[in-house]
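# When you get a sec, could you give me coordinates for this:
(2 chains)
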Amino acid sequence: MKHELKLYCDTTRLSELRNFLGDILEDTSLTEVDQHQVILAVEEVCANLIIHSHDCNPKECIDLTVKKSADLMIFEIRDFGQGFNILEYQEPDISFVMKSKRKGGLGIILVKRIMDKIEFETKANINICRLFKILKSK
Amino acid sequence: MMLQIEKNIENEHSVLSLIGEIDASNSVELDEVILDMVQGGVRNLLVDCSQLEYISSAGLGVFMSYLEEFQEKEIKLVIFGLKEKVFQVFNILGLDQLIKIKSTKKDALEEVL
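Prediction:
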């Protein structure tokens, strides 16, 4: 099954994203804790794009497609921004985040620890980030 | 309202109650409240998260950004009442090793008094 959401680049839209994902995840075998984490991971990638690639311009948008099969979920996030390759990003050490007092850097660590696989590619100016979550049978 | 923040100054400590969801759109509100409390000379800060449904890295980053200052100024921070799903997010990042997290307000009070 496939679900799609056009997300405008405004952080106040993130709650809409969470509701969209919550409805889809509700019907899966994931526990409440796991569903919560998957929502968080997808939001972290989207928030990152909204803020850093699109400067919170509400006229721009990113496209999210969720594909669900019996044992796998794929979250595909497409955008036309400057591109952010999550795989190349060297996430900071937690102690560095603390010392530097910067309020970022934690999101990508969360995504990498929550998702089972991450892919990134740029094709004809479109950046595609795919997040994979394996569904375990109940 | 997506996020509601309540501030209660009690005898020896202040309780900050976070109600709702914290994400990149409103984490600045949490930042402002904590900054205000630090400037007001708070010594013991208890954060009631029993009604916190969601926190993303933007909100976690706010707590992280104060940890050193709290250490320097000897301000005690204790978070209590986290729902399991929210606690697990702290856990993934290992923040439960950096921030004192307690189950109940009673346990949190014992930590600061």
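# Any idea how many residues pack against residue 69?
Answering for chain A, as no chain was given. 9 (other C-beta atoms under 10 Å in any protein chain shown). From N, CA and C alone the C-beta is placed, and that goes for glycine too.
# could you do chain B instead?
Residue B:69: 13 neighbours (other C-beta under 10 Å).
# Ok, residue A:110 next?
22.
# Now it: which helix or strand?
According to DSSP states H and E, residue A:110 maps onto helix A:106-114.
# list the buried ones in that helix?
A:106, A:107, A:108, A:109, A:110, A:111, A:112, A:114 (16 or more other C-beta atoms under 10 Å in any protein chain shown).
# and the last one, how far is that from residue A:89?
Read that as residue A:114. 15 Å (C-beta to C-beta, to the nearest Å).
# Check the third one too.
Plainly put, residue A:108 is 6 Å away from residue A:89 if you go by C-beta to C-beta.
# Repeat that for the second one.
Distance, residue A:107 to residue A:89, using C-beta to C-beta: 10 Å.
# so how far is the helix holding residue A:110 from its chain's centroid?
10 Å (C-alpha atoms, centre = their mean, to the nearest Å).
# Return the list of helices and strands in contact with that helix.
helix A:32-48, helix A:94-100, helix B:57-72, helix B:84-93 (3 or more C-beta pairs under 8 Å, 6 or more residues apart in numbering or on different chains; DSSP states H and E).
# what comes up buried for the helix or strand just after the first one?
Scanning forward in sequence from helix A:32-48, with DSSP H and E defining helices and strands, the next element found is strand A:61-68. Residues of strand A:61-68 classed as buried by neighbour count (16+ other C-beta under 10 Å): A:61, A:62, A:64, A:66, A:68.
# now, which of the residues you listed sits nearest chain B?
Comparing the buried residues of strand A:61-68 against chain B with C-beta to the nearest C-beta picks out residue A:62 as the nearest, at 13.9 Å.
# Could you measure from the closest one over to residue A:121?
Counting by C-beta to C-beta, the gap from residue A:62 to residue A:121 is 15 Å.
# Close to chain B: what parts of chain A are there?
A:11-12, A:14-15, A:18, A:32-33, A:36-37, A:39-40, A:43-44, A:47, A:50-51, A:94, A:97-99, A:101-107, A:109-110, A:113-114 (C-beta under 8 Å from any C-beta of the partner chain).
# Give me the helices and strands touching the lowest-mean-pLDDT helix or strand in chain A, please.
Across the helices and strands of chain A, mean pLDDT, DSSP states H and E gives its lowest value to helix A:94-100, namely a mean of 72. For helix A:94-100, the packing partners by 3+ C-beta pairs under 8 Å, 6+ apart come out as helix A:106-114, helix B:57-72.
# what do you get if the cut-off is 6 Å, keeping everything else the same?
Contact analysis of helix A:94-100 by 3 or more C-beta pairs under 6 Å, 6 or more residues apart in numbering or on different chains; DSSP states H and E lists helix B:57-72 as its packing neighbours.
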